[in-house]
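*Asks:* Make a model of this:
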Amino acid sequence: MAQKDNRNQDVFPAPEVGAHILTAKSCGLASTPFRPLRQKVLIVDDHRENLVALRQVLSAVDVEVIEAGSGNQALTMTLSHDFSLAILDVRIPGMNGYELAEFLRGDPKTKNLPVIFMTAAYGEEEDLFKGYELGAVEYIVKPYKPAVLLAKVRVFLELQRTQKELARRIMELSASEERYRTLVTTIPDIVYRIDTEGRFTFLNDAVKLLGYSSEELIGLPFATIALPAEVEKVSR
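*Replies:* Numbers count the residues shown, from 1 in each chain. The predicted structure follows:
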């Protein structure tokens, strides 16, 4: 008689009768904690010295700075980068800062990107309103105080980080709910939920094994399909 292969007994011992969960740890797999990606900031100015100064200010925060010397170049950068903040000079030649912001607002990828406008002086009230309408979260007048700009940048980056984390958690929750829904729907055992009066509020499709549909049992008492002993357990 061939001898049974017992090489895996030490790794996966025979389980006892009951419910078991095989975790990543029990399989020898280490769990990897979620680490958010480094945030990226787009800075747009046609003067090299302004870009250098901005980069120097932003070196105080842990971000990746991407430079653009024109509106068109900035739009190209958005194709390959996921930005958390854009700092735009209003008076860049060609496509100005307002026009660039309008393009950003029209793209689903960047429509919620917060924008800080850099301007040499506060313009007319109409221009300010236009900027805020296009998604500006702040105006910074040049020459600016680095500490003031840095404080505003930190606030907007934290808001973006929080929003993205919330979106990630919502997606994870949605995926988890879908997996649970699939499990409940396909499991061969009858899964049900009853209210405080002992009436069904949910049943999975396994109830068809008893000759019922879940629709016809919703709202009916548990005693409709259960044995007396089971009814007594639920009513305690």
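
*Asks:* domains for this protein, by residue range?
*Replies:* In terms of domains, the chain is parsed into 39-166, 187-235 (source: automatic domain parsing).

*Asks:* Deepest in the core, which of those is it.
*Replies:* Of the domains of the chain, the one with the most neighbours on average (mean count of other C-beta atoms under 10 Å) is domain 39-166, at a mean of 16. Where you see a C-beta, it was placed from the backbone N, CA and C, and this is true even at glycine.

*Asks:* quick one: terminal-to-terminal distance for that domain?
*Replies:* 16 Å (C-alpha to C-alpha, to the nearest Å).

*Asks:* Do me a favour and average the pLDDT over that domain.
*Replies:* The average pLDDT within domain 39-166 is 88.

*Asks:* Stretch 173-187 now?
*Replies:* 76.

*Asks:* Show me which residues of that stretch are buried.
*Replies:* Val184 (16 or more other C-beta atoms under 10 Å).

*Asks:* quick one on the thing from earlier: dump the domains of the chain to a markdown table, plus distance to Glu172.
*Replies:* Formatted as a markdown table, the domains of the chain follow (distance: least, C-beta to C-beta, whole Å):
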| stretch | distance to Glu172 |
| --- | --- |
| domain 39-166 | 11 |
| domain 187-235 | 22 |
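
*Asks:* which one of the ones you listed lies closest to Leu173?
*Replies:* domain 39-166 (10.5 Å; C-beta to C-beta).

*Asks:* mind listing the strands in the protein by residue range?
*Replies:* Remark: strands assigned in the chain by DSSP state E are 39-44, 63-68, 85-89, 115-119, 136-141, 192-194, 200-203.

*Asks:* Looking at the ones you listed, which is nearest to Arg179?
*Replies:* Comparing the strands of the chain by C-beta to C-beta, strand 200-203 comes nearest, at 17.1 Å.

*Asks:* Which single helix of the chain contains the most residues?
*Replies:* helix 146-186 (DSSP state H).

*Asks:* got the angle for that helix vs strand 63-68?
*Replies:* Using axes from the mean of the first three to the mean of the last three C-alpha atoms, to 10 degrees, the inter-axis angle of helix 146-186 relative to strand 63-68 is 110 degrees.

*Asks:* Please tell me how far helix 146-186 is from the chain's geometric centre.
*Replies:* 3 Å (C-alpha atoms, centre = their mean, to the nearest Å).

*Asks:* Output the contacting helices and strands for that helix.
*Replies:* Here helix 146-186 touches strand 39-44, helix 48-58, strand 85-89, strand 115-119, strand 136-141, going by 3 or more C-beta pairs under 8 Å, 6 or more residues apart in numbering; DSSP states H and E.
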